[in-house]
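Novice: Model the following, please.
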Amino acid sequence: MAENEMLVFGVSAVEEDIYRHFLRNPDTPVDDVHLRLHIEPDTARLCLGRLYELGLLHPTVTDGRISPADPEVALARLVDVRLHELHQELQRVTRSRHVVDGLRAELGTRRHSPQGIEQLEGLAEIRDRIDDLAFFARDEILSVEPYTRLSPENIERSRPLDLRCLRRGVRIRSVVPRKVLEDGPTAGYLWELVLHGAMIRVVEDTTERILVYDRAAALMPLDPQNTSRGALLAHKSGIVANIVALFERIWDEAEDLVDAADGQDQASGLSETEQRVLGLMCSVGKDEAGARELGVSVRTYRRYVADLMEMLGAASRAQAALLARERGWI
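Specialist: Here you go, the predicted model:
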């Protein structure tokens, strides 16, 4: 039996073998199928019925033979059906928050959360709950973070969560210290989020750590200086409302990332050569042409490009050019 390539469409291996047989041998009588494929008669009968339902085979009433559907037409229809099924399944999954709540309720008094507050122990449990809260977020995520740089591991962990939320239409508002603009990879990551719709502001300094999901759940560290000690997750409306009010005060006093970056760029500036390289990255296709225009070797030109990409925190040249335009560097 060959590999079941049509399994992704909900077609079993035996059903696929039967369909392929009729594509090769459209004149095979129905009663001979089980003999040709060496399968039980009942199995053949069930598989034929299933293939009729899927529209892959069409019985001919007059002579008792079977006509296979054109593969392109049949598979296009199966793709539509499968995508519809997957969409419905995705909707069921994203609406399944009540399952988590129900399972948590099974813990009963053994892990009772007084006044709507949970205590989370250790970084692993905190990260798991953040993943959970981000996945089920529907409207808005608010955050204040005191970090001045993110490690590459933190960026790679956070990027898919944040971008997935933004693609779903979840609004992200975040406040970070101005010093993050001095770290290329961290600043580049924040600009990537902005390009996908996030709203980010900066403050001179902050010690607050705030994470609020849909204005219904707020996460706060037990010790802001040592997040590994654990965190409190509040669900009680009064507590969450006060934390949201604190966030809004910080947000109102913060400066938009674009305006902050403009001031940062004007203060530091790029060399004339770096500005020319940025322009060439946007206007020429090949490194050889850029190096020739700049009057340097290809190796030197590529080193300039790599340094600028690192400075911007960009993963590709296209992203570097986009981030440079957003910052007003070119």
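
Novice: When you work out contacts or count neighbours from here on, use the C-alpha atoms and nothing else.
Specialist: Noted.

Novice: dump the residue contacts of Leu120.
Specialist: By Cα atoms under 8 Å, 6 or more residues apart in numbering, Leu120 lies in contact with 126, 230-233.

Novice: Show me the shaky parts of the stretch 151-300 of the chain.
Specialist: 224, 261-272, 284-285 (pLDDT under 70).

Novice: Nearest to Tyr301 among the contacts of Leu120?
Specialist: Ile126 (44.6 Å; Cα to Cα).

Novice: Does the closest residue to that closest one other than its chain neighbours have any beta-bridge partners, and if so which?
Specialist: Nearest non-adjacent residue to Ile126, counting by Cα to Cα, 6 or more residues apart in numbering: Leu120, 6.1 Å away. Beta-bridge partners for Leu120, by DSSP bridges, are Ala231.

Novice: distance of Ala289 from Cys47?
Specialist: 62 Å (Cα to Cα, to the nearest Å).

Novice: So His58: helix, strand or coil?
Specialist: Here His58 is recorded as strand under DSSP: H, G, I helix; E, B strand; the rest coil.

Novice: got the residue ranges for the strands in the protein?
Specialist: 57-59, 66-68, 117-120, 140-144, 171-177, 199-203, 210-213, 217-221, 231-234, 255-256 (DSSP state E).

Novice: Please produce CSV containing these, extended by distance to Arg249.
Specialist: Formatted as CSV, the strands of the chain follow (distance: least, Cα to Cα, whole Å):
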stretch, distance to Arg249
strand 57-59, 66
strand 66-68, 67
strand 117-120, 23
strand 140-144, 11
strand 171-177, 11
strand 199-203, 12
strand 210-213, 12
strand 217-221, 16
strand 231-234, 20
strand 255-256, 12
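
Novice: With respect to Ala315, which of those lies nearest?
Specialist: Checking these against Ala315 by Cα to Cα gives strand 199-203 as the closest, at 20.3 Å.

Novice: Minimum distance to Asp162: which of the strands of the chain has it?
Specialist: Closest to Asp162 of the strands of the chain is strand 171-177 (Cα to Cα; 8.3 Å).

Novice: Need the contact partners of the closest one.
Specialist: Applying Cα under 8 Å, 6+ apart, the contact partners of strand 171-177 are 139-148, 165-166, 197-206, 250-251, 254.

Novice: Can I have the buried ones of those as a ChimeraX selection?
Specialist: Applying 16 or more other Cα atoms under 10 Å to these leaves a buried subset, and the ChimeraX line that selects it is:
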select :140,141,142,143,144,145,146,147,148,165,166,197,198,199,200,201,202,203,206,250,251,254
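
Novice: Sketch out the helices for the stretch 101-250 of the chain, chain order is fine.
Specialist: 122-136, 152-167, 184-195, 237-253 (DSSP state H, counting those that start in this stretch).

Novice: helices and strands around the longest one, which ones?
Specialist: Helix 237-253 sits against strand 140-144, strand 210-213, strand 217-221, with contacts defined as 3 or more Cα pairs under 8 Å, 6 or more residues apart in numbering; DSSP states H and E.

Novice: Same question for the first one.
Specialist: Contact partners of helix 122-136 among helices and strands, from 3+ Cα pairs under 8 Å, 6+ apart: helix 152-167.

Novice: Would you mind listing the buried residues in the helix it packs on?
Specialist: By 16+ other Cα under 10 Å, the buried positions in helix 152-167 come out as 162-163, 165-166.

Novice: quick revisit: any chance of the helices and strands packed on helix 237-253 in CSV, with distance to Arg65 too?
Specialist: Formatted as CSV, these follow (distance: least, Cα to Cα, whole Å):
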stretch, distance to Arg65
strand 140-144, 59
strand 210-213, 60
strand 217-221, 63
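
Novice: how about these, which one is nearest Leu308?
Specialist: Nearest to Leu308, of those and by Cα to Cα, is strand 140-144 at 28.5 Å.

Novice: and the angle from that closest one to strand 171-177?
Specialist: Per axes from the mean of the first three to the mean of the last three Cα atoms, to 10 degrees, the angle that strand 140-144 makes with strand 171-177 is 0 degrees.

Novice: in its sheet, what does strand 140-144 sit against?
Specialist: In the sheet, strand 140-144 lines up with strand 171-177 (parallel), strand 210-213 (antiparallel) (DSSP bridges).

Novice: for the residue nearest to Leu133 when sequence neighbours are not counted, what are its contacts?
Specialist: In this structure, Leu133 finds its nearest non-sequential neighbour in Tyr213, 6.7 Å apart by Cα to Cα, 6+ apart. Tyr213 makes contact with 133-134, 137, 140-142, according to Cα under 8 Å, 6+ apart.

Novice: One more pass at 10 Å, please.
Specialist: Residues in contact with Tyr213, defined by Cα atoms under 10 Å, 6 or more residues apart in numbering, are 130, 133-134, 136-143, 170, 172, 219, 240, 244.

Novice: So, low pLDDT: which residues of the stretch 1-150 of the chain?
Specialist: Residues of the stretch 1-150 of the chain that meet the cut-off, pLDDT under 70, sit at 1-2, 61-64, 91, 93-115.

Novice: circling back: so which of the strands paired with strand 140-144 is nearest Val298?
Specialist: Using Cα to Cα, the strands paired with strand 140-144 put strand 171-177 closest to Val298, at 38.1 Å.

Novice: got the angle between that closest one and helix 152-167?
Specialist: 150 degrees.
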